[in-house]
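Undergrad: fold the following and give me the result.
(one chain, ligands or ions: 1)
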Amino acid sequence: MRKLLLSLGVGAVAFAGDWDLEAPTGLKFGLIKGYENWHVVATHFRTDKNELRYIIGNDIAVKAYKRGVPLNGQKFPEGAILVKIGYSLKKNPAFPASLEPNVIQRVEFMIKDSKRFKDSAGWGFARFVYDAKAKRYKVFGKSAKDYMQCFSCHQSVAKKDFVFTDYVKRK
Ligand code: HEC
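TA: Here you go, the predicted structure:
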């Protein structure tokens, strides 16, 4: 039986079965269960993909950010998780100049587990692509090879512990 567990943004839901999805890196979607309540680190807008992204973090990651990690040269501690949710956009019906999140495109995350992910500076990567028609998530990639691109692109911010997003000031 499909049990409705959470509702994120407009028109995207995760079913109980989705938590069991496992990326070829060995990381399950269920590892980030409850992420819809985590702290927002920042938002990004990708001009090339016309996509809005929320970057959110678990307690360990957000506490580290607040201590100045990674800009202070320190690394994120074990267990830190950063999640990225990508949304397509739509116009606000009452005010079309205002664009807002529409449908989730994918949820992806990186977790610091140095013992397990020695070859990628301690970060493990996972991506789950949202199929809006089926209202289910699907695992991205068929083998660990498909995930080499993650670490390889994140290498460009090696000095910031391979994390692009900085904590955004809000007061
Ligand atoms: C071609 C470059 C590129 C590739 C490949 C890539 N990323 Fe990223 N990633 C980025 C950029 C740039 C950001 C900053 C936020 C944004 O623009 O979406 C980011 C942000 C993230 C974040 C939020 C933390 C941070 O570093 O800011 C996570 C989590 C993430 N990516 C996971 C993944 C996963 C999982 C994969 C592989 C399946 C992947 N990325 C592949 C460029 C890349």
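Undergrad: does stretch 143-156 reach the ligand?
TA: Yes. Stretch 143-156 is in contact with the ligand by CB under 6 Å from any ligand atom, via Tyr147, Gln149, Cys150, Cys153, His154. Quick note: C-beta positions are derived from backbone N, CA and C, even for glycine.
Undergrad: contact partners for Glu51?
TA: Counting by CB atoms under 8 Å, 6 or more residues apart in numbering, Glu51 touches Phe45, Gly86, Tyr87, Ser88, Leu89, Gln105.
Undergrad: need the max-distance pair from the residues you listed.
TA: Phe45 and Gln105 (13.2 Å; CB to CB).
Undergrad: was I right about Phe29 contacting Ala126?
TA: Yes. Counting by CB atoms under 8 Å, Phe29 does reach Ala126; the two are 7.3 Å apart.
Undergrad: so for these two, which residues contact both of them?
TA: Listed as contacting both Phe29 and Ala126 by CB under 8 Å, 6+ apart are Ala23.
Undergrad: more neighbours: those two, which one.
TA: Between Phe29 and Ala126, Ala126 has the larger neighbour count (other CB atoms under 10 Å), namely 26 against 22.
Undergrad: buried stuff in the helix or strand encompassing the more buried one?
TA: Assigned by DSSP states H and E, Ala126 belongs to strand 123-131. Residues of strand 123-131 classed as buried: Trp123, Gly124, Phe125, Ala126, Arg127, Phe128, Val129, Tyr130 (neighbour count, 16 or more other CB atoms under 10 Å).
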